[in-house]
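**Q** fold the stuff below for me.
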Amino acid sequence: MSQESAYIQYRQITVKSMQAAFLDSANLLFVVPDVGTPRNSFDRIFYRNFTVNTLKNQVQNLFAVNGPNEVSKGDLIEFYKNIVVYESEEERKDTEIQLAKYGEMLTNAIKPSEEDLQKLKSHLSTRLPKGSVELSKSALTSTLMQSNAGIIIKRILAEHQTSGSWLDPISDWPK
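**A** This is a model prediction of the structure:
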């Protein structure tokens, strides 16, 4: 992954800048999503998200259609697998308030198994130098917890959007 900055300019004035990243051996360009956390969360639970109709989300959609390289539907599905997409800022705030109520259940639900840690380490070890910090157990755990949180939060949000009520409990959900 290569980090870049994307700038929106009018003449010589930078109107907005945002982080972007090249993925898949620099073949795919994506905007780096926002980082979210449940309100009043002291458990260090983090997940990635976009909000529809924000500039960041619109630039991401532009990259998906007119980026430097063609992005396939499969690439987009993989990219969005653990990224929560909110309809509005209000929906994001309401969801994060509800997530805080899940507390320990959410924390336990996102913890990765030893098997998942080994799979990720094996996958990344072919791409990263031996002894890389990204291959440490704490880095792998953090990466998987963020991914798992996004997947579970997407399920919670989808259920809420469908039924109009928040799920309880979430501890029995499969990862």
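
**Q** what pairs with the lowest-mean-pLDDT helix or strand in the chain, parallel or antiparallel?
**A** Here the helix or strand of the chain ranked lowest by mean pLDDT, DSSP states H and E is strand 2-10, holding a mean of 72. Strand pairing for strand 2-10, using DSSP bridges, gives strand 13-23 (antiparallel).

**Q** so the spatially most central residue of the chain is in which element?
**A** Taking Cα atoms, centre = their mean, the centroid of the chain lies closest to residue 48, which sits 2.8 Å from it. Element membership for residue 48, per DSSP states H and E: strand 47-51.

**Q** can you tell me the average pLDDT over the helix or strand containing residue 162?
**A** Using DSSP H and E, the element containing residue 162 is helix 137-163. On average, the pLDDT along helix 137-163 is 92.

**Q** which elements pack onto the strand holding residue 48?
**A** Applying 3 or more Cβ pairs under 8 Å, 6 or more residues apart in numbering; DSSP states H and E, we find strand 47-51 packed against strand 34-36, helix 55-66, strand 83-86, helix 89-102, helix 137-163. (C-beta placed from N, C-alpha, C; glycine too.)

**Q** and the ones you listed: which comes nearest residue 111?
**A** helix 137-163 (6.8 Å; Cβ to Cβ).

**Q** go through the closest one and flag the buried ones.
**A** Neighbour counts over helix 137-163 (16 or more other Cβ atoms under 10 Å) mark 140, 144-154, 156-157, 160 as buried.

**Q** wait, which of the helices and strands packed on strand 47-51 is closest to residue 16?
**A** Using Cβ to Cβ, the helices and strands packed on strand 47-51 put helix 55-66 closest to residue 16, at 6.0 Å.

**Q** from the chain's centroid, how far away is the helix or strand immediately after that closest one in the chain?
**A** As assigned by DSSP H and E, the chain's next helix or strand after helix 55-66 is helix 73-80. Distance of helix 73-80 from its chain centroid, counting by Cα atoms, centre = their mean, to the nearest Å, is 12 Å.

**Q** then helix 73-80 to CSV, C-alphas only?
**A** In CSV, the C-alpha atoms belonging to helix 73-80 read as follows (Å, rounded to 0.1, in the frame of the first residue of the first chain):
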residue,chain,number,x,y,z
LYS,A,73,-16.9,-4.7,-9.3
GLY,A,74,-15.0,-7.4,-7.4
ASP,A,75,-12.3,-4.9,-6.3
LEU,A,76,-15.0,-2.6,-5.0
ILE,A,77,-16.8,-5.4,-3.1
GLU,A,78,-13.5,-6.4,-1.5
PHE,A,79,-12.6,-2.8,-0.6
TYR,A,80,-16.0,-2.2,1.0
